[in-house]
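Asks: predicted model and sequence below, questions to follow.
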Amino acid sequence: MAGPIAVILATLNTKAIETRYLKERILAHGFDCEIIDVSLDAGGRQLHGDDKLVAMERAAERAGKVLSERAMVTPVRVMIGLGGGTGGQIIAAALDAADLDAWKLLITTQAFDTRFVSGLEDAIIIPAIADIEGLNRMTMRVLESSAAVASSLINCETINAGQPDDNTVCLSALGITSQGIKRARSQIENLGYECAVFHANGHGGNTMVRLIESRGFCAVLDYTIHELVSLCLDPETQVSSQRFRLPREIPRVMLPGGVNFMTRWRGREFGRDQMPRPQYSHSSEIAHVGLSEDEMAGLGDALANVLSEATRSTTVIIPMGGFSSEDCPGGLLENKPGRAAFAESLVAQANNRLRVVRTDGHINDFAVAELAVEMLRELIDEHQAGRVT
């Protein structure tokens, strides 16, 4: 078997010159490189709508198959995608289909959060700066630097994050629950587990659920379910409707981290209502806007409805002392009535598969984090012993 190589995936019908230049620069670094064409089989036509989507799917399947077959002959150590919106999506699907243990690079004009795109969640993204349309000083510089990165990675062993790992626990987090998360993560690691923490900002939660399905995590400590707010109250949300419906039946403990506010761009109205709301600047761009008592009661109902569909028991711990760093006595978003309304709604709608535990502590208290980890450990033990149905 030959030595490790780099493989470039690109639409040669539109980016042949740039692709050949990138290959030449990798060869100049002393490494072999091959090209896989992901162009649409359009027969010279401009495709639109469903015809284009079908052609994209076929191109991805074809490229994924060629990539897999190539890897059986020669070790593929680096996969480099070169494309814009259409090409980037085809490349992502091809990488997802091939599912190789290799480094991934994507040189793209498209600005998007790759955690939302299956096949690119572990890719290194290199902005194209200018459009990938011919060679000039800007595109050549990007391609030169990309070739250097790819060449450096060829001799690096990959860390295979794609295999099922029954020793990893998923956690959801935001800055407003960071103290509790740090304590929980420490406690989980002390039990001998690895922790994978996902940012509960929409993309992070979606990614967590998708990876639970494909990578076999052993349990979920959903400490920060702030995405429930966006799912229920923001019509423009990118949070998946499957966010709280686990694709695999694994032990889960939940806490209502961040369920007391909506995240908005500063200065943007909260939906259509004009009522004054407590809020504060989380950053120069983002504001946290407090919710009403009725809204929090509705969120309790919504969570209970989702969890009622689960086939395995879930434990929800409600820290009545506060759901976020500013939801505390004297805090900018203190909302004791809202917390009570959320808890009462959740309890009223719960079925026998939903265990609700109230505690007087705050979500960032060490004692609350330790309680959550202890309850998660009990569920893991029961699951491993086959006692949970």
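Replies: Yep, that arrived.
Asks: not counting sequence-adjacent ones, nearest residue to G81?
Replies: For G81, ignoring the flanking residues on the chain, the nearest one in space by CB to CB, 6 or more residues apart in numbering is I91 at 3.6 Å. Any C-beta I mention is one placed from the backbone N, CA and C, and that applies to glycine too.
Asks: ranges for the strands of the stretch 51-200 of the chain?
Replies: Taking DSSP state E, counting those that start in this stretch, the strands of the stretch 51-200 of the chain run over residues 76-83, 103-108, 124-127, 168-173, 194-199.
Asks: cool, the stretch 251-389 of the chain as well?
Replies: Counting by DSSP E, counting those that start in this stretch, the segments of the stretch 251-389 of the chain that form strands are 252-254, 261-265, 279-281, 286-290, 314-319, 354-359.
Asks: could you check the angle strand 354-359 makes with the fifth one?
Replies: When you say that, I think you mean strand 314-319. Counting by axes from the mean of the first three to the mean of the last three CA atoms, to 10 degrees, strand 314-319 lies at 20 degrees to strand 354-359.
Asks: the residue nearest to G81 contacts G85, correct?
Replies: No - with contact defined as CB atoms under 8 Å, I91 and G85 do not form a contacting pair (11.0 Å).
Asks: more crowded one of the two?
Replies: I91 (33 against 11; other CB atoms under 10 Å).
Asks: ok now do the more buried one, which residues does it touch?
Replies: I91 makes contact with L9, A10, V38, A60, A63, G81, L82, G83, L106, G119, according to CB atoms under 8 Å, 6 or more residues apart in numbering.
Asks: which single one of those is nearest to Y21?
Replies: Each of the contacts of I91 was scored against Y21 by CB to CB, and L82 proved nearest at 10.1 Å.
Asks: for burial, what's the neighbour tally of the closest one?
Replies: For L82, which is what you asked about, the neighbour count (other CB under 10 Å) is 28.
Asks: mean pLDDT for the strands of the stretch 51-200 of the chain: which is lowest?
Replies: Mean pLDDT per stretch puts strand 124-127 lowest among the strands of the stretch 51-200 of the chain, at a mean of 86.
Asks: list the helices and strands it packs on?
Replies: In this structure, strand 124-127 makes packing contacts with strand 103-108, helix 137-154, judged by 3 or more CB pairs under 8 Å, 6 or more residues apart in numbering; DSSP states H and E.
Asks: list the buried residues in that strand.
Replies: Of the residues in strand 124-127, those buried under the neighbour-count criterion (16 or more other CB atoms under 10 Å) are I124, I125, I126.
Asks: contacting residues around the last one?
Replies: When you say that, I think you mean I126. With contacts defined as CB under 8 Å, 6+ apart, the neighbours of I126 are L105, L106, I107, T108, V142, S145, S146, V149.
Asks: for the closest residue to the fourth one other than its chain neighbours, give me its contacts.
Replies: In this case it means T108. In this structure, T108 finds its nearest non-sequential neighbour in G88, 4.9 Å apart by CB to CB, 6+ apart. Contacts of G88 were listed using CB under 8 Å, 6+ apart, and they are G81, L106, T108, Q110, F112.
Asks: excluding chain neighbours, what is closest to A343?
Replies: Nearest-residue entry for A343: I318, 4.8 Å, with adjacent residues in sequence omitted and distances by CB to CB, 6+ apart.
Asks: now the stretch 251-389 of the chain, which segments are flagged as low pLDDT?
Replies: Along the stretch 251-389 of the chain, the model assigns pLDDT under 70 to residues 265-275, 283-284, 311-312, 387-389.
Asks: what about the helices in it?
Replies: Assigned helices in the stretch 251-389 of the chain, in chain order: 293-307, 336-349, 366-385 (criterion: DSSP state H, counting those that start in this stretch).
Asks: of the ones you listed, which is nearest I132?
Replies: helix 293-307 (42.4 Å).
Asks: and the angle from that closest one to strand 261-265?
Replies: Using the same axes, to 10 degrees, the interaxial angle of helix 293-307 with respect to strand 261-265 works out to 100 degrees.
Asks: so which of the strands of the stretch 51-200 of the chain is nearest A340?
Replies: Using CB to CB as the measure, strand 168-173 is the one of the strands of the stretch 51-200 of the chain that comes nearest A340, at 23.4 Å.
Asks: with only the CA atoms kept, save that closest one in CSV.
Replies: Taking C-alpha atoms only, strand 168-173 is exported to CSV below (Å, rounded to 0.1, in the frame of the first residue of the first chain):
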residue,chain,number,x,y,z
THR,A,168,-18.7,9.6,27.0
VAL,A,169,-21.3,11.8,28.6
CYS,A,170,-22.9,14.7,26.7
LEU,A,171,-23.5,18.0,28.6
SER,A,172,-25.2,21.2,27.4
ALA,A,173,-23.8,24.5,28.6
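Asks: who's in contact with that strand?
Replies: Among residues not part of strand 168-173, those counted as contacts by CB under 8 Å, 6+ apart are 181, 184-185, 188, 193-200, 204-205, 208, 211-212, 215, 217-225, 227, 257, 376.
Asks: got a ChimeraX select line for the buried ones in those?
Replies: The following ChimeraX selection, which keeps only the buried ones among these, applies the criterion 16+ other CB under 10 Å:
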select :181,184,185,188,193,195,196,197,198,199,200,204,205,208,211,212,215,217,218,219,220,221,222,223,224,225,227,257,376
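Asks: quick one on the thing from earlier: filter the contacts of G88 to the buried ones?
Replies: With neighbours counted by 16+ other CB under 10 Å, the contacts of G88 contain buried members at G81, L106, T108, Q110.
Asks: ok, the third one - contacts?
Replies: For T108, the contact set (CB under 8 Å, 6+ apart) comprises G81, L82, G83, G84, G87, G88, I125, I126, P127, A128.
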